[in-house]
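# Provided below for reference: sequence and predicted model.
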Amino acid sequence: MNPWLMTLVMLVAWGAFALQITVKLGALTKMAPENRLNEIGRRIGRLFKIGFGQQKLIGRKRERSSGIMHAFIFWGAMLVGVRELTLMGEGFISGFQEYLPLLGSDSWLGYAYITVYNFCEVLVLAMILYALYRRLMPKPERLELNWEGIYVLLFIGSMMFTDLLFDAARLNLVESYGQHLHFFQSAAYGSEWDWAPFTVLLASAINGLGEGVNAFIYQFSYWGHVALMFVFVNLLIHTKQFHEMTALPNVFFGSLDYPHALAPLADLEDESAWEEGRIGVSKLENLTWKQGLDLFSCTECGRCHEVCPTFVTDKPLTLKRFNQSLLHHLRKEEATLFRTGSTADEKHWSVKLFVRKRFGPVLPAVPVKRFVRFQSSMFRVFSDYASIKP
């Protein structure tokens with residue numbers, strides 16, 4: 001393709017990503033410590049069962065179809081991940097997959113993987129269309145209609161479609177127009193096209209457009225895919241899709257037993273504790289790093305509404321809104337927290353922020369001392385359900 005252009009694109013994209021992820025992860029290191037490295041065996045088991053196995057999604061009787069949809073998107077994206085690596089390498093060396101262990105044209109695994117990613121891309125694309133339909137048409141009450149969720153789905157769907165187009169145009173340029181582009185071919189396993197039925201189907205649909213159009217599709221779909229991939233990676237860390245990176249670690253570090261141990265009772269009569277901010281949570285650094293990771297991993301699926309007493313009784317201060325206000329504040333202050341180790345000394349910011357932004361003058365001021373126990377219990381409930389959609 002173009003090694004110099006790919007080098008420039010990767011330096012800019014991965015450099016920007018590295019700076020942003022350093023700030024986010026660095027902010028977590030400035031938060032209160034918490035030991036989450038006990039019982040490693042159980043944690044690994046949870047990672048495979050809940051994380052990779054998607055048990056909490058496909059195991060739910062209610063809305064099982066949406067859980068299966070999400071699981072297929074997750075599994076498909078995991079399998080297509082190697083393909084993203086080969087496409088980046090394609091910018092430097094034509095036929096980059098040949099250089100990956102066991103995935104070259106001399107191994108049946110290389111051909112099998114072509115079939116795997118070909119089917120996975122179509123499967124993910126179909127699940128994306130279903131997810132868009134479900135989000136726009138028979139939308140569950142717990143889901144909120146917002147553009148963030150829609151453009152994320154469009155990004156993923158576009159990445160799948162541009163890769164299919166890239167392979168289809170490459171097939172036509174090789175087979176119909178005699179261009180010398182790399183493709184898998186061996187006496188033992190046949191041609192690459194024998195292993196990619198959806199590529200062949202799409203190629204037949206665009207073959208009649210002519211060599212010039214297919215050459216344009218070949219270049220446009222490749223660089224379009226690369227651009228989508230790098231823009232998406234740098235956007236998602238500022239959206240709820242950040243859970244695509246944090247969900248698996250969050251499952252691994254999750255609580256092993258329920259209910260959580262109760263926090264020690266504070267002496268509310270100790271005036272020095274109030275002055276020093278040792279009562280409740282008054283600043284971001286009072287949260288533990290795991291609570292911060294919980295916030296970053298929230299998918300805003302709304303399932304916490306189902307166990308939220310204030311939501312089911314139609315009260316304004318709900319668990320979801322409360323946690324969203326914390327997440328918004330964390331995103332706003334993460335750079336300051338990472339740089340200085342502390343945030344602005346605005347006591348009880350979470351209460352003020354939530355009430356002011358969500359309800360304006362509708363709610364009266366919340367007495368701080370009455371709110372401390374409620375605030376603590378909200379964090380415990382949130383931790384129980386934060387990993388419900390890994």
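Happy to help now that I have it.
# how many neighbours does the residue nearest to residue 115 when sequence neighbours are not counted have?
The shortest distance from residue 115 to any non-neighbouring residue, by CB to CB, 6 or more residues apart in numbering, is to residue 195 (4.7 Å). (Each C-beta comes from the backbone N, C-alpha and C, glycine too.) Residues contacting residue 195 under the criterion other CB atoms under 10 Å number 20.
# Which pLDDT does the model give residue 195?
Residue 195 carries a pLDDT value of 95.
# That one contacts residue 117, correct?
No: contact status for residue 195 versus residue 117: not in contact, 10.3 Å apart, counting by CB atoms under 8 Å.
# tell me the SS of residue 265?
Secondary structure, DSSP: H, G, I helix; E, B strand; the rest coil: residue 265 is coil.
# list the contacts for residue 110?
97-98, 102-104, 184 (CB atoms under 8 Å, 6 or more residues apart in numbering).
# Farthest-apart pair in the residues you listed, please.
With distances taken as CB to CB, the most widely separated pair in the contacts of residue 110 is 102 and 184, at 13.5 Å.
# quick one: which of the two has more around it?
residue 184 (22 against 10).
# surely that one meets residue 106?
No: counting by CB under 8 Å, residue 184 does not reach residue 106; the two are 9.6 Å apart.
# Got the confidence number for residue 363?
Looking at residue 363, its pLDDT reads 38.
# got it, and the one 5 residues further on?
The per-residue pLDDT reported for residue 368 equals 40.
# Contact partners for the residue nearest to residue 115?
Shown in contact with residue 195 (CB under 8 Å, 6+ apart): 111-112, 114-115, 118, 184, 189.
# Residue 158 - how many residues pack around it?
A count of neighbours around residue 158, defined by other CB under 10 Å, yields 18.
# Tell me how far the closest residue to it other than its chain neighbours lies from residue 156.
The shortest distance from residue 158 to any non-neighbouring residue, by CB to CB, 6+ apart, is to residue 228 (5.5 Å). Counting by CB to CB, to the nearest Å, the gap from residue 228 to residue 156 is 9 Å.
# Looking at the two, which is more packed in?
Legend: neighbour count by other CB under 10 Å for residue 228 and residue 156, higher for residue 156 (24 against 20).
# Can I take it that that one is in a helix?
Yes: counting by three-state DSSP, residue 156 is located in a helix.
# Just to check, it is in contact with residue 124?
Yes: with contact defined as CB under 8 Å, residue 156 reaches residue 124; the gap is 6.9 Å.
# shared neighbours, these two?
Taking CB under 8 Å, 6+ apart as the criterion, residue 156 and residue 124 both touch 73, 77.
# Quick check: which element contains residue 198?
Secondary structure from DSSP states H and E places residue 198 in helix 197-206.
# mind checking how far that helix is from the chain centre?
Its chain's C-alpha centre and that of helix 197-206 lie 30 Å apart, by CA atoms, centre = their mean, to the nearest Å.
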